[in-house]
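[1] Whatever this is, show me its structure:
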Amino acid sequence: MLLLASGALLAGCAPKVTPSPSVAPTPSESVAPSLAPSVEPTATPIPHLVLPAPSATDTVAITYTVDVQVEAGASGRIVVVVKNLTKTMVPELVLRWPTALRDTIYLAPFEPSQQRIREGGDPLVQDWTKWVDGPGERGEPAGTTSLGWGPLLPGGELTIPILATRRGPGPITFDFQILNGEAILLSDGQPAATQVAVP
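    A predicted model of the protein is given here:
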């Protein structure tokens, strides 16, 4: 009995344990995701078509302009004006560009018409003297298109319109040469060669 009483006494002396209120964990600070360096968009490079170097140089001096009259995504024309600054005739003025250009812009000296193809029509007179995809019989290199435009008289000037028909999207640049046959002419002492840009 004494044992029971002392057990009860001890039980009364034991401290009461009350559960402490639950504390919700504090939300951890949000960590910003690591940002990868931003990638700036880069412009798509414009294709450039090249020509082989001419096999010879002609010392006849000329001036020339190449006027691109083609809107982006459309057809038009390219007008070339060539003036002979000397007293020497150029027997055959030749304009040259890469044949692969035709996948984007097709250059031609004329546009087909009923007058050109009908039988019994007026005599067909062409200003141009040749239109050759190389390799040609007169040394025109492979991968080039050469448009001959007859003689350029001493002190003479030729205005040559070339039709430009759009065949593919996007801008393009290409090499363009002005020759006497297979010999490139000179303009300001430099070869008459330029890069033409079509939007």
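[2] residues of stretch 184-199 that come out buried?
    Residues 184-187, 191-194, 196, 198 are the ones in stretch 184-199 that count as buried (16 or more other CB atoms under 10 Å). Yep, even glycine has a C-beta here, placed from its N, CA and C like the rest.
[3] and the residues you listed, which two are the farthest apart?
    Between any two of the buried residues of stretch 184-199, the greatest separation by CB to CB is 25.6 Å, found for 186 and 198.
[4] For residue 129, grab phi and psi.
    Backbone geometry at residue 129, expressed as degrees, to the nearest 10, gives phi -110, psi -20.
[5] after the longest strand along the chain comes which helix or strand?
    When the chain is scanned for its longest strand (criterion: DSSP state E), the result is strand 56-70. As assigned by DSSP states H and E, the chain's next helix or strand after strand 56-70 is strand 76-84.
[6] Could you tell me the angle between that following strand and strand 56-70?
    140 degrees (axes from the mean of the first three to the mean of the last three CA atoms, to 10 degrees).
[7] so what secondary structure elements neighbour strand 76-84?
    strand 56-70, strand 157-166 (3 or more CB pairs under 8 Å, 6 or more residues apart in numbering; DSSP states H and E).
[8] Let's have those strands in a markdown table, adding mean pLDDT, mean neighbour count and distance to residue 94.
    Output for the helices and strands packed on strand 76-84, formatted as a markdown table (pLDDT from 0 to 100; neighbours: other CB atoms under 10 Å; distance: least, CB to CB, whole Å):
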| stretch | mean pLDDT | mean neighbour count | distance to residue 94 |
| --- | --- | --- | --- |
| strand 56-70 | 97 | 15 | 11 |
| strand 157-166 | 96 | 16 | 11 |
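[9] Quick one: closest of those to residue 137.
    Nearest of those to residue 137, taken as CB to CB: strand 56-70 at 17.1 Å.
[10] Centre of the chain to that closest one, how far?
    22 Å (CA atoms, centre = their mean, to the nearest Å).
[11] one step back: relative to residue 132, which of the helices and strands packed on strand 76-84 is closest?
    strand 157-166 (14.7 Å).
[12] Output the contacting helices and strands for that closest one.
    Under the contact rule (3+ CB pairs under 8 Å, 6+ apart), strand 157-166 is packed against strand 56-70, strand 76-84, strand 93-98, strand 105-108.
[13] Name the next helix or strand downstream of the lowest-mean-pLDDT helix or strand in the chain, please.
    Across the helices and strands of the chain, mean pLDDT, DSSP states H and E gives its lowest value to helix 2-13, namely a mean of 44. Downstream of helix 2-13, the next assigned helix or strand under DSSP H and E is strand 48-49.
[14] what lines up beside that following strand in the sheet?
    Strand 48-49 has its sheet partners listed here by DSSP bridges as strand 172-180 (parallel).
[15] Quick check: which ranges of the protein have low pLDDT?
    Across the chain, the ranges flagged by pLDDT under 70 are 1-39, 41, 112-126.
[16] at 50 instead, please
    Counting by pLDDT under 50, the chain shows low-confidence ranges at 1-22, 25.
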